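>>> Quick one, structure for this:
(chains A and B)
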Number of protein chains: 2
Amino acid sequence: MADGDARDRRRPRVVIVGSGFGGLACARRLNRQPVDVILLDQHNYHLFTPLLYQVATGLLNPADIAYPLRAVFRHSPNVRFRQATVTGVHLGGKTVRVRGGPAVPYDYLVLASGSTDNYFGNQEIARVSLGLKALADATGLRNHVLTCLERADAEVNPDVRRALLTFVMVGGGPTGVECSGALAELMQIVAGKDYHQISRSEIRIVLVEGLPRLLSAFSEHLGRYAQRVLERRGVEVRTRVLVKAADEEGVTLSDGTAIPCQTIVWSAGVRPNDPGGIPSLPRFRNARIKVDGRLRIPGFDGAWAIGDLASPEVGADGQLPMLSPPAMQAGRYVARAIVDRVRGATEERGPFHYVDKGTMATIGRNAGVTHLPGGLEFTGFVGWLTWLFVHVYYLIGFRNRVSALASWAWDYLRHDRPIRIILATGVEPEPNGSIIRSSTGKMG
Amino acid sequence: MADGDARDRRRPRVVIVGSGFGGLACARRLNRQPVDVILLDQHNYHLFTPLLYQVATGLLNPADIAYPLRAVFRHSPNVRFRQATVTGVHLGGKTVRVRGGPAVPYDYLVLASGSTDNYFGNQEIARVSLGLKALADATGLRNHVLTCLERADAEVNPDVRRALLTFVMVGGGPTGVECSGALAELMQIVAGKDYHQISRSEIRIVLVEGLPRLLSAFSEHLGRYAQRVLERRGVEVRTRVLVKAADEEGVTLSDGTAIPCQTIVWSAGVRPNDPGGIPSLPRFRNARIKVDGRLRIPGFDGAWAIGDLASPEVGADGQLPMLSPPAMQAGRYVARAIVDRVRGATEERGPFHYVDKGTMATIGRNAGVTHLPGGLEFTGFVGWLTWLFVHVYYLIGFRNRVSALASWAWDYLRHDRPIRIILATGVEPEPNGSIIRSSTGKMG
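Numbers count the residues shown, from 1 in each chain, chains lettered A, B, ... in the order given. The predicted structure follows:
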């Protein structure tokens, strides 16, 4: 204890919970600063979530978008990664509880535990849907989609066949748009070719969105463009409808339509991934922690919350978008604030200010949408190229960039999706039964 | 039924069970021949098993060594792949039973279902060991080894630490030698660097072999060379001992030595992967089916068995080696024999004759052993280069070759193992408990 105290006095300890875009940016900014940093995450890699759908559709390898955190900080003298599941945070006692180990004390805490799928309390939809937030979700979805094709190829019952070949994507944000575009491309590649008994016209991809248009975070022009491109590529876009119910047989929409299907991909909402143990704090309606303008957790000295987990009030009850750029900017802002504190800066840093550098999404081959601040917009090939370069730039690691670029070039030139292996779990789905939950997150 | 009969008379149907080296070679040779071929496998890919250990040690992606079978036969007019688990073969009725579907009738049958780990009846060793025969084994072993390192890095109890950092490989054949060499290299790369709390000297890799030397299928010279190289790289080689018992705490050897460990990799024996339903046939002592000199299953017309599953008698009770070259040669031989039959050849093809073109193994960086028929042998850099080119040549698919070569170049030049992600199962191991079976075959 005396030892620990002595060391603590020498170098304050920063504990960062979560190694997503926010936590990682914070940890990197604290590299070689006069603090000891412990970065905690349940996974041993930083996940480049914007490309998860490309793993799910057989274009990239899992390792292309997952970078080992220990490799990031291999040469760092003061940042240490530790794989641990955080079970709770004790803000009063300044400790973080982890599964199967002693609590980790901190001087400064950065909560950056991100978000998770939100099924808005509908357990039944949650049970039969596949998410797309974690790496195991993406490999699980790949296995699931390919298994549907394998089954359908051998199936003679037309109803079973139709359900196996119907893919419902719920949520018309970037994830839903990109995933359904990529799925349509995959089907174009394999239907009638690898799967001789399946024709493209039998395959139905339905994208369901509750709002009047897709990509509501973008301009109306870009949303309409995305819809046109998707429809041209064979995706059925249904706006102004919600998923009312779902089970092993399929989904029922709010307008009464029943769609028999074996695949439901959920990207219609996220909620903060609360680390637990946090006392009742001011929250937004979507459960994000309401931090102050300097991203501090109100009432607890030395504790910040950033990224999808938290937001300051922006304007009248507005929030920061749940995207990677605000998370990264917030991570770096908090790192600087901590260094200020440690160095005993006399003047306090001004409030956090998010600089919107633009948003973008791709609908597949040669078609992307890019929105820049000031209203500048690109669509089509230019939008797609912009998307490509920005994503390669932000991918971490030289090897991952080269590998992703090589895969994209291969896909572009050869119209091929190379990674079409079903990596089995050992747990086999029931023969001929519903496979709607057969492959969730258990395979790779 | 009438339809089926008509078609059957037009084009005889060949059913091939298993898409390993033997089954795949047979199917490829039957491409564009006057037969309908159905290739059955429980997985949707051909697995290049000689490189499994490189997936297990973070050097290659699973997709680098697994090639989708539907892509192999995409342009074939007569070979069709079907993913199915074969539950039995009815040689009298000429049908193959598959899980969850109607039985598949055949005119000609090629059994090529390979082999599986043989624990010689010791259930306890089987329960706590990790195999290295399937793709999920390799990803499971990668997850397991990295989890051991994560745990050890945070562990203070010296006994627990030692067990987490002790890796026992059972079996001194090519798999055991290659895997322990690759594991030693991985440890050299990460110990003290990625895992700051772990020094290379704490890590113990033990290779156990019952015979007096390693690589008994090679010459004594090559076996001694492999042992020297492994020992120089920090592997403890123990010959003339067997694993007597194993449990969650570790292994006990036949000389009484107890080795506490959390990782036991088994490559000390294989047995034929019997498809089931086969009547009592002549068998070798190791349970391989004893086929005649033309690889036919005695007593059943139009049925062959090849590869690890079967062997003709070679010399006095000798067998073909359980390696890929005899399996491939046998696959092609049987394909030709089937075409002879279908074409109504009057003269019967001579018995199968295996042409030994050499055997090889690598011990890692710059060190390989190659044995050529006639007694020519290479070791060291030349042996390693030979190994490398032969393996690239036999890897299926242009992309897989380029990708594997790129990974090897990266590893060679940068001393790095890029694929070090622990892709979680969702099923978490017990905190602080034994993790000896935590990651078997369920992750990717």
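
>>> now the strands for the stretch 1-150 of chain A?
Along the stretch 1-150 of chain A, counting by DSSP state E, counting those that start in this stretch, strands occupy A:13-17, A:36-41, A:45-47, A:66-68, A:79-83, A:86-90, A:95-98, A:104-105, A:108-111, A:115-117.

>>> near chain B, which residues of the stretch 151-300 of chain A show up?
Residues of the stretch 151-300 of chain A lying close to chain B by Cβ under 8 Å from any Cβ of the partner chain are A:Asp153, A:Ala154, A:Val190, A:Lys193, A:Asp194, A:Tyr195, A:His196. Glycine gets a C-beta too; all of them are placed from N, C-alpha and C.

>>> Could you report the neighbour count for the residue in the stretch 51-200 of chain A positioned nearest to chain B?
Nearest residue of the stretch 51-200 of chain A to chain B (Cβ to the nearest Cβ) works out as A:Gly100 at 2.5 Å. Residues lying near A:Gly100 (other Cβ atoms under 10 Å in any protein chain shown) number 15.

>>> Can you pull the phi/psi pair for it?
Dihedral pair for A:Gly100: phi 70, psi 20, per degrees, to the nearest 10.

>>> circling back to that earlier point, between the residues of the stretch 151-300 of chain A next to chain B, which is closest to A:Phe381?
Of all those, the one with the least separation from A:Phe381 (Cβ to Cβ) is A:Val190, at 24.8 Å.

>>> Apart from its neighbours in sequence, what residue is nearest the closest one?
Nearest residue to A:Val190, sequence neighbours excluded (Cβ to Cβ, 6 or more residues apart in numbering or on different chains): A:Leu149, at 6.7 Å.

>>> Please verify my assumption that the one you found contacts A:Tyr195.
Yes: counting by Cβ atoms under 8 Å, A:Leu149 does reach A:Tyr195; the two are 5.4 Å apart.

>>> Top of the residues of the stretch 151-300 of chain A next to chain B by number of neighbours, please.
Counting neighbours by other Cβ under 10 Å, the top entry in these is A:Val190, with 25 neighbours.

>>> Next, the contact list for that residue, please.
Neighbour list for A:Val190: A:Leu149, A:Ile198, A:Arg417, A:Arg420, B:Arg70 [criterion: Cβ atoms under 8 Å, 6 or more residues apart in numbering or on different chains].

>>> Give the burial count for the second one, as a bare number.
To tie it back to what came earlier, the one meant is A:Ile198. Neighbours of A:Ile198 (other Cβ under 10 Å): 22.

>>> Got the confidence number for the residue of the stretch 51-200 of chain A closest to chain B?
With respect to pLDDT, A:Gly100 scores 87.

>>> Show me where the stretch 51-200 of chain A has its helices.
For the stretch 51-200 of chain A, the helices defined by DSSP state H, counting those that start in this stretch occupy A:52-56, A:62-65, A:69-72, A:123-128, A:135-154, A:158-164, A:174-190.

>>> nearest to A:Gly350, of those?
Of all the helices of the stretch 51-200 of chain A, helix A:69-72 sits nearest to A:Gly350, with 29.3 Å by Cβ to Cβ.

>>> centre of the chain versus that closest one, how much separation?
Helix A:69-72 sits 20 Å away from the centroid of its parent chain (Cα atoms, centre = their mean, to the nearest Å).

>>> What is that helix packed up against?
Applying 3 or more Cβ pairs under 8 Å, 6 or more residues apart in numbering or on different chains; DSSP states H and E, one finds that helix A:69-72 contacts helix A:21-29, strand A:45-47, strand A:79-83.

>>> Mean neighbour count added to those, as a markdown table?
Converted to a markdown table, the helices and strands packed on helix A:69-72 look like this (neighbours: other Cβ atoms under 10 Å in any protein chain shown):
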| stretch | mean neighbour count |
| --- | --- |
| helix A:21-29 | 26 |
| strand A:45-47 | 25 |
| strand A:79-83 | 23 |
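
>>> sorry, back to before: I'd like the contacts of A:Val190 written out as JSON lines, with distance to A:Pro275 and pLDDT added.
As requested, the contacts of A:Val190 are exported to JSON lines (distance: Cβ to Cβ, whole Å; pLDDT from 0 to 100):
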{"residue": "A:Leu149", "distance to A:Pro275": "39", "pLDDT": "96"}
{"residue": "A:Ile198", "distance to A:Pro275": "45", "pLDDT": "95"}
{"residue": "A:Arg417", "distance to A:Pro275": "37", "pLDDT": "79"}
{"residue": "A:Arg420", "distance to A:Pro275": "37", "pLDDT": "85"}
{"residue": "B:Arg70", "distance to A:Pro275": "44", "pLDDT": "95"}
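
>>> Just flag the most distant two among the residues you listed.
A:Ile198 and A:Arg417 (15.1 Å).

>>> quick one, what contacts A:Pro12?
With Cβ under 8 Å, 6+ apart, A:Pro12 has these contacts: A:Pro34, A:Val35, A:Asp36, A:Asp107, A:Tyr108, A:Val342.

>>> Got a ChimeraX select line for the buried ones in the residues you listed?
In ChimeraX syntax, the buried subset of the contacts of A:Pro12 is picked out as below (16 or more other Cβ atoms under 10 Å in any protein chain shown):
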select /A:35,36,107,108,342
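
>>> which one among the contacts of A:Pro12 gets closest to A:Leu323?
Looking across these and measuring by Cβ to Cβ, the closest to A:Leu323 is A:Tyr108, at 24.9 Å.

>>> Identify the residues contacting the closest one.
Here A:Tyr108 is in contact with A:Pro12, A:Arg13, A:Val14, A:Val15, A:Val35, A:Gly302, A:Ala303, A:Trp304, A:Ile338, A:Arg341 (Cβ under 8 Å, 6+ apart).

>>> beta partners of it?
Using DSSP bridges, the beta-bridge partners of A:Tyr108 come out as A:Val14.

>>> And for A:Ala367?
Bridge pairing for A:Ala367 - DSSP bridges - gives A:Gly364.

>>> That one and B:Arg224, how far apart?
Distance, A:Ala367 to B:Arg224, by Cβ to Cβ, to the nearest Å: 62 Å.

>>> what about the two, which has more around it?
Shown here are A:Ala367 and B:Arg224; by other Cβ under 10 Å, A:Ala367 has more neighbours (22 against 14).

>>> What are the neighbouring residues in contact with that one?
A:Ala367 sits next to A:Gly181, A:Val229, A:Thr379, A:Gly380, A:Phe381, A:Gly383, A:Trp384 when contact means Cβ under 8 Å, 6+ apart.

>>> okay, among the residues you listed, which ones form the most distant pair?
Most distant of the contacts of A:Ala367, by Cβ to Cβ, are A:Gly181 and A:Phe381, 14.6 Å apart.

>>> Export the strands of the stretch 1-150 of chain A to TSV and append columns for distance to B:Thr116.
Converted to TSV, those look like this (distance: least, Cβ to Cβ, whole Å):
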stretch	distance to B:Thr116
strand A:13-17	43
strand A:36-41	36
strand A:45-47	32
strand A:66-68	31
strand A:79-83	32
strand A:86-90	40
strand A:95-98	39
strand A:104-105	44
strand A:108-111	48
strand A:115-117	38
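
>>> Of those, flag the one that's most buried.
strand A:108-111 (a mean of 28; mean count of other Cβ atoms under 10 Å in any protein chain shown).

>>> Now do the phi/psi pair for A:Phe48.
When read as degrees, to the nearest 10, the backbone of A:Phe48 gives phi -90, psi 80.

>>> I'd guessed it sits against A:Ile65; true?
Yes: under the contact definition of Cβ under 8 Å, A:Phe48 touches A:Ile65, with a separation of 4.2 Å.
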